[in-house]
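# Okay, predicted coordinates and the sequence, questions at the end:
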Amino acid sequence: MAKLVPSLIAIGLAVATAAACTTVSPRVALLQTCDRYASTLTALAAAKAHGRLSAPQIDAVDTVRSGLNPICESPPVVDESVAAVLPQVKEGVRQLLLIEAQVEIADDAR
């Protein structure tokens, strides 16, 4: 068993290293980010329906939606175009995740 543990650790490190070196194309990254956007937007829509979003949060979500909906509903297919919009989509998702976290913190405080 003692000899097995270092082997398992070595295998784990090799797998982790290989996974860390794996990159995805800009298009795949955009599709993954848009998927995260959709799931976060769904959670925020439920929070809004239950009256858990403030007016400024609703405005912020609407602002992000106006920028990301056209991109995520009809993503570009050329990698250069995808690379150009990917930072905007990632930033929009980051903003929505922060709002989602604020809602969860407020819920926990109740």
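Yes, it's here.
# distance of the residue nearest the centre of the chain from Val93?
Residue closest to the mean C-alpha point of the chain, counted by CA atoms, centre = their mean, is Arg36 at 4.1 Å. Using CB to CB, to the nearest Å, one gets 5 Å for the distance from Arg36 to Val93. Every residue, glycine included, has its C-beta placed from N, CA and C.
# Any regions of this structure where pLDDT drops low?
Filtered on pLDDT under 70, the chain yields the residue ranges 1-22.
# the helices in it, which residues?
For the chain, the helices defined by DSSP state H cover 4-21, 26-49, 55-73, 79-109.
# For the closest residue in space to Val89 that isn't next to it in sequence, give me its contacts.
Leaving out its chain neighbours, the residue that sits closest to Val89 by CB to CB, 6 or more residues apart in numbering is Thr33, at 4.9 Å. Counting by CB atoms under 8 Å, 6 or more residues apart in numbering, Thr33 makes contact with 86, 89-90, 93.
# Filter the residues you listed down to the buried ones, ChimeraX style.
Applying 16 or more other CB atoms under 10 Å to the contacts of Thr33 leaves a buried subset, and the ChimeraX line that selects it is:
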select :86,89,93
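# Please identify which of the contacts of Thr33 is nearest to Ile99.
Distance to Ile99 across the contacts of Thr33 (CB to CB) is lowest for Val93, with 10.8 Å.
# List the contacts of that closest one.
33, 36-37, 40, 68.
# want to try TSV for the residues you listed, with distance to Asp62 as columns?
Below are the contacts of Val93 laid out as TSV (distance: CB to CB, whole Å):
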residue	distance to Asp62
Thr33	19
Arg36	18
Tyr37	14
Thr40	14
Leu68	11
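# Can you verify my assumption that Arg27 contacts Ala83?
No. Using CB atoms under 8 Å, Arg27 makes no contact with Ala83, being 9.1 Å away.
# from the contacts of Val93, which single one is nearest Asp79?
Thr33 (14.6 Å).
# Quick check: that closest one vs Val24, distance?
Distance of Thr33 to Val24, given as CB to CB: 11 Å.
# swap in Ala106?
Taking CB to CB, one finds Ala106 at 34 Å from Val24.
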